[in-house]
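> Sequence below, structure please.
(one chain, ligands or ions: 2)
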Amino acid sequence: MASWPIFSASGWARYFASVVPLTNCLRLVIHGLSLATDEGLIKSVTREGKPEELLRGPLYYVLVLILCAVLFWRESPVGVISLAMMCGGDGIADIVGRRFGSTKLPYNKQKSWAGSLSMFVLGFLVSVGMLYYFSALGYFQLDWVSTVERVALVSFIATMVESLPITGMVDDNISVPLVSMVVASLAFAY
Ligand SMILES: C/C(=C\COP(=O)(O)O)CCC[C@H](C)CCC[C@H](C)CCCC(C)C
Ligand SMILES: Nc1ccn([C@@H]2O[C@H](COP(=O)(O)OP(=O)(O)O)[C@@H](O)[C@H]2O)c(=O)n1
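Numbering: from 1, shown residues only. Ligands and ions are numbered 1, 2, ... in the order given. As a prediction, the model looks like this:
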């Protein structure tokens, strides 16, 4: 996402920017289906070392990258915020939650206050930081008081959804960006 500004103003730029995520998507599918073996990829990206794990969280992750690039690109804050919540927010929740998450949530003993709080804070900060980055390069003209309020709302709702005990039904690499897209689209609609 940070590299999006280096692409040209061409209508094809968003598709060209999707080549890297698409390449990784193909890698994940090929190795997830065990059509080829890449021990380094499996070791670095999976938890239990099973190739089929590549076809879940990691694959959803790169598919969301492609979707946000093609659907929202540099023209809407929605894509930027959705990726910030998935990559920054959900990413830090795992790291902080595993290490400091001794106090679990009352409604989900698999998740913790530390994980969720870190997701809200970093998701918010990465979203605002990336919006400022794109604004400074002239892609967005934002009223920052309302933008901070709207991003805080998106971050709060995405964090609440991520904390729900629904991991077995829907991967949070789908639910977090999807909820962020819907809430950000509504929040930035006017
Ligand atoms: C490890 C990943 C997701 C974990 O999912 P989960 O823990 O939430 O279940 C992401 C996997 C990433 C993929 C293998 C490679 C994606 C590369 C990306 C398209 C470009 C990244 C460039 C950056 C500078 C490294
Ligand atoms: N809100 C959260 C999210 C994750 N976590 C911790 O991080 C681990 C992985 O979280 P997760 O199942 O959402 O994994 P990801 O697919 O999001 O990386 C959980 O089992 C918790 O130990 C947490 O404590 N609080």
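> is any part of the worst-scoring helix or strand of the chain on mean pLDDT close to ligand 1?
Every helix and strand in the chain was compared by mean pLDDT, DSSP states H and E; the lowest is helix 39-45, with a mean of 95. Yes: using CB under 6 Å from any ligand atom, we find that helix 39-45 touches ligand 1 at residue 45. The C-beta positions use only the backbone N, C-alpha and C, and glycine is treated the same way.
> Show me what counts as buried in that helix.
Neighbour counts over helix 39-45 (16 or more other CB atoms under 10 Å) mark 41-42, 45 as buried.
> Residue 110 falls within a strand, correct?
Yes: counting by DSSP: H, G, I helix; E, B strand; the rest coil, residue 110 falls inside a strand.
> Closest approach to ligand 1 from this protein, which residue is it?
Nearest residue of the chain to ligand 1 (CB to the nearest ligand atom) works out as residue 57 at 2.1 Å.
> tell me the secondary structure for the nearest residue to that residue once chain neighbours are set aside?
Of all residues not flanking residue 57 in the chain, residue 173 sits nearest, at 5.0 Å (CB to CB, 6 or more residues apart in numbering). Here residue 173 is recorded as helix under three-state DSSP.
> so residue 173 touches residue 60, yeah?
Yes: using CB atoms under 8 Å, residue 173 makes contact with residue 60 at a distance of 3.9 Å.
> what's the pLDDT at the residue nearest to residue 57?
Per-residue confidence for residue 173 comes out at a pLDDT of 97.
> and it, what is it in contact with?
Contacts for residue 173 (CB atoms under 8 Å, 6 or more residues apart in numbering) come out as 57, 60-61, 64, 86, 90.
> ditto for residue 110
Residue 110 makes contacts with 104, 165, 167, as judged by CB under 8 Å, 6+ apart.
> Quick check, the second one in contact with residue 106.
Yep, that's residue 165 we're talking about. No: the pair residue 165 / residue 106 is not scored as a contact, 11.1 Å apart, by CB under 8 Å.
> Tell me which of those two has more neighbours.
Between residue 165 and residue 106, residue 165 has the larger neighbour count (other CB atoms under 10 Å), namely 12 against 7.
> Residues in a beta bridge with the residue nearest to the more buried one when sequence neighbours are not counted, which ones?
Using CB to CB, 6+ apart and skipping the chain neighbours, the partner closest in space to residue 165 is residue 108 (4.4 Å). Per DSSP bridges, the residues bridged to residue 108 are residue 105.
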